[in-house]
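A.B. asks: with the sequence up front, the predicted model follows.
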Amino acid sequence: IRPRASGICRLYTILMTMTHHPKPSTTSSRSKIALVLFFITVSLLHFKCVLALQSSPTISLGRLQHKTTHGRIPPLSAEFGSSRTTTTTTKTTTHSLQKISTKPTSPRKQNIKTITPSSFRPSSLRRQTKRNARKGLKYIQSLLTASFFGASEAIRQSFWLFPMTLAVVPLYCIMLGTRATMPAWWPVETLDHLVNSPYAVAAISGFLLSNVFYFLSGLFMLDLIPLNKRTFGESRIRKFSSHLASDPLLGVCVLTAGAVSTAYHSVQALGSYAVAQELSFIDHGVALSSGLYFLQRLGLPSWKTLAIGGAGLVSLANPVGGSYAGLHSLWHFLSASATVSWGFDGYKRNYLGDLE
């Protein structure tokens with residue numbers, strides 16, 4: 001191992017001297033650290049391969065035979081290409097070693113061919129090297145193929161989470177020393193006119209309480225709203241609620257959207273405007289991700305659901321100035337209703353369609 005280790009050290013010294021040429025300061029310490037880590041990894045892999053070769057039964061037996069005959073252990077390269085490359089079991093190797101150590105008879109009675117450096121064949125080493133290279137290429141190919149199909153499957157199953165990257169924008173801006181702001185074509189409305197009005201308590205309370213429709217829809221989709229058996233019995237509504245509860249993430253998405261919306265609008269009405277803009281990114285990310293998850297699990301919505309959602313988007317765009325609180329409260333109601341209607345579309349398509 002020492003000649004090989006010294007060769008690696010010499011190669012490392014040469015490459016390190018090459019990186020110290022008087023060039024501009026673009027060669028930072030990161031490249032040097034990466035180079036050191038690379039050679040450490042290569043050295044460890046080399047040492048592991050040497051230990052694996054030394055621990056194989058055939059080579060261990062040959063080394064012991066050569067030591068008993070010549071009084072020293074030969075280098076590993078003289079044994080790797082031996083003509084006797086057939087593998088033996090650990091039990092046979094141990095038994096042979098015990099025979100050599102306990103019964104030092106003549107070489108004729110031992111009937112074991114001594115492995116010497118003269119029996120080295122370069123052709124067998126080349127064949128073994130090619131065989132190992134083919135195995136390594138097949139392993140790398142299988143690893144890349146599995147990684148590709150695994151990544152494509154993960155993207156196909158989790159594409160609905162991509163809009164949640166909007167929640168990273170405020171953190172990124174804080175790291176840069178700035179504050180995140182919504183674009184000029186989609187600003188965060190201020191509610192100073194409500195706060196300064198004589199009916200501020202009633203207006204702000206009604207605006208914030210409009211998020212209750214999200215919680216009602218989410219609890220219904222989780223089958224957590226107790227329905228009166230005398231009124232509903234085993235009607236379609238009870239079956240619909242229990243069917244949606246089989247995919248609890250649908251209801252969880254609606255509940256999460258309601259919780260984030262409540263926090264965002266509370267800060268918008270009563271807190272800092274800069275913090276409200278940052279919470280707006282999270283609110284939009286949760287809403288878009290929830291919509292994509294509904295699309296993945298329930299398919300395309302019906303015309304009725306599209307009509308409800310379209311009316312909600314019109315109210316969200318706030319076409320009438322000065323009526324943000326009222327129109328946005330209407331958006332909360334229509335969007336929560338659209339989630340239930342969309343769930344019923346999937347229920348009819350996946351459950352009632354199978355029954356028919």
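C.D. replies: Perfect, I can see it now. These figures come from a predicted structure and were not determined experimentally.
A.B. asks: burial check on Gly206, number of neighbours?
C.D. replies: Neighbour count of Gly206, defined by other CB atoms under 10 Å: 13. To be clear about C-beta, it is placed using only N, CA and C from the backbone, and glycine gets the same treatment.
A.B. asks: report the buried residues of the host helix or strand of it.
C.D. replies: Taking DSSP states H and E as the definition, Gly206 sits inside helix 200-209. Under the neighbour-count criterion of 16 or more other CB atoms under 10 Å, helix 200-209 has Ala203, Ile204, Phe207, Leu208 buried.
A.B. asks: low-confidence ranges in the stretch 251-356 of the chain?
C.D. replies: For the stretch 251-356 of the chain, applying pLDDT under 70 flags the ranges 319, 321, 352-356.
A.B. asks: can you list the residue ranges for helices in it?
C.D. replies: Secondary structure of the stretch 251-356 of the chain (DSSP state H, counting those that start in this stretch): helices at 273-298, 303-316, 324-347, 353-355.
A.B. asks: and the ones you listed, which is most packed in?
C.D. replies: helix 324-347 (a mean of 21; mean count of other CB atoms under 10 Å).
A.B. asks: flag the helix or strand of this structure with the lowest per-element mean pLDDT.
C.D. replies: helix 77-80 (a mean of 42; mean pLDDT, DSSP states H and E).
A.B. asks: distance of Ala274 relative to Ala180?
C.D. replies: 9 Å (CB to CB, to the nearest Å).
A.B. asks: now swap in Gly136 and tell me
C.D. replies: The gap separating Gly136 from Ala180 is 48 Å, by CB to CB.
A.B. asks: these two: who's more crowded?
C.D. replies: With neighbours defined as other CB under 10 Å, Gly136 and Ala180 compare such that Ala180 has more, 19 against 10.
A.B. asks: helix or strand: which one has the more buried one?
C.D. replies: Ala180 belongs to no helix or strand when elements are defined using DSSP H and E.
A.B. asks: ok, now which ones touch it?
C.D. replies: Ala180 makes contact with Val169, Pro170, Tyr172, Cys173, Gln277, Glu278, Phe281, according to CB atoms under 8 Å, 6 or more residues apart in numbering.
A.B. asks: what about the longest helix in this structure?
C.D. replies: In the chain, taking DSSP state H as the definition, the longest helix is helix 122-158.
A.B. asks: Gly291 and Met175, how far apart?
C.D. replies: Where Met175 is concerned, Gly291 sits at a distance of 29 Å (CB to CB).
A.B. asks: also Leu219?
C.D. replies: From Leu219 to Met175 the distance is 38 Å (CB to CB).
A.B. asks: show me where the stretch 101-250 of the chain dips below the pLDDT cut-off.
C.D. replies: Judged by pLDDT under 70, the stretches of the stretch 101-250 of the chain that qualify are 101-122, 227-236.
A.B. asks: 90 instead?
C.D. replies: Across the stretch 101-250 of the chain, the ranges flagged by pLDDT under 90 are 101-159, 190-200, 223, 225-245.
A.B. asks: and the helix or strand following the helix holding Gly206, what does it pack onto?
C.D. replies: Sequence-wise, the next helix or strand downstream of helix 200-209 (DSSP H and E) is helix 212-221. If contacts are counted by 3 or more CB pairs under 8 Å, 6 or more residues apart in numbering; DSSP states H and E, helix 212-221 sits against helix 236-244, helix 248-270, helix 324-347.
A.B. asks: and the contacts of helix 212-221?
C.D. replies: Contact partners of helix 212-221, identified using CB under 8 Å, 6+ apart, comprise 225, 241, 244-245, 250-255, 257-258, 261, 332-333, 335-337, 339-340, 343.
A.B. asks: for Leu327, see how far away the residue nearest to Thr165 when sequence neighbours are not counted is.
C.D. replies: In space, and not counting its chain neighbours, Thr165 is closest to Gly285: 7.1 Å by CB to CB, 6 or more residues apart in numbering. Taking CB to CB as the measure, Gly285 and Leu327 are separated by 22 Å.
A.B. asks: what does Leu316 give?
C.D. replies: 8 Å.
A.B. asks: who's in contact with the closest residue to Leu298 other than its chain neighbours?
C.D. replies: Nearest non-adjacent residue to Leu298, counting by CB to CB, 6+ apart: Gly346, 3.1 Å away. By CB under 8 Å, 6+ apart, the contact set of Gly346 is Arg297, Leu298, Gly299.
A.B. asks: dump those into TSV; add distance to Gln157 as well.
C.D. replies: Output for those, formatted as TSV (distance: CB to CB, whole Å):
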residue	distance to Gln157
Arg297	11
Leu298	15
Gly299	16
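A.B. asks: just name the closest of the residues you listed to Ser197, please.
C.D. replies: Nearest to Ser197 among the contacts of Gly346 is Leu298, at 41.3 Å by CB to CB.
A.B. asks: is it true that that closest one touches Trp342?
C.D. replies: Yes - with contacts counted by CB atoms under 8 Å, Leu298 reaches Trp342, the gap being 5.7 Å.
A.B. asks: any idea how far the closest residue to Ile308 other than its chain neighbours lies from Phe213?
C.D. replies: Using CB to CB, 6+ apart and skipping residues adjacent in sequence, the residue nearest Ile308 is Ala338, 4.5 Å away. The spacing between Ala338 and Phe213, counted by CB to CB, is 11 Å.
A.B. asks: also Gln277?
C.D. replies: As judged by CB to CB, Gln277 and Phe213 stand 24 Å apart.
A.B. asks: please report phi then psi for Trp160.
C.D. replies: Main-chain torsions, Trp160, degrees, to the nearest 10: phi -70, psi -10.
A.B. asks: list the contacts for it?
C.D. replies: By CB under 8 Å, 6+ apart, the contact set of Trp160 is Ser289, Leu292, Tyr293, Leu295, Gln296.
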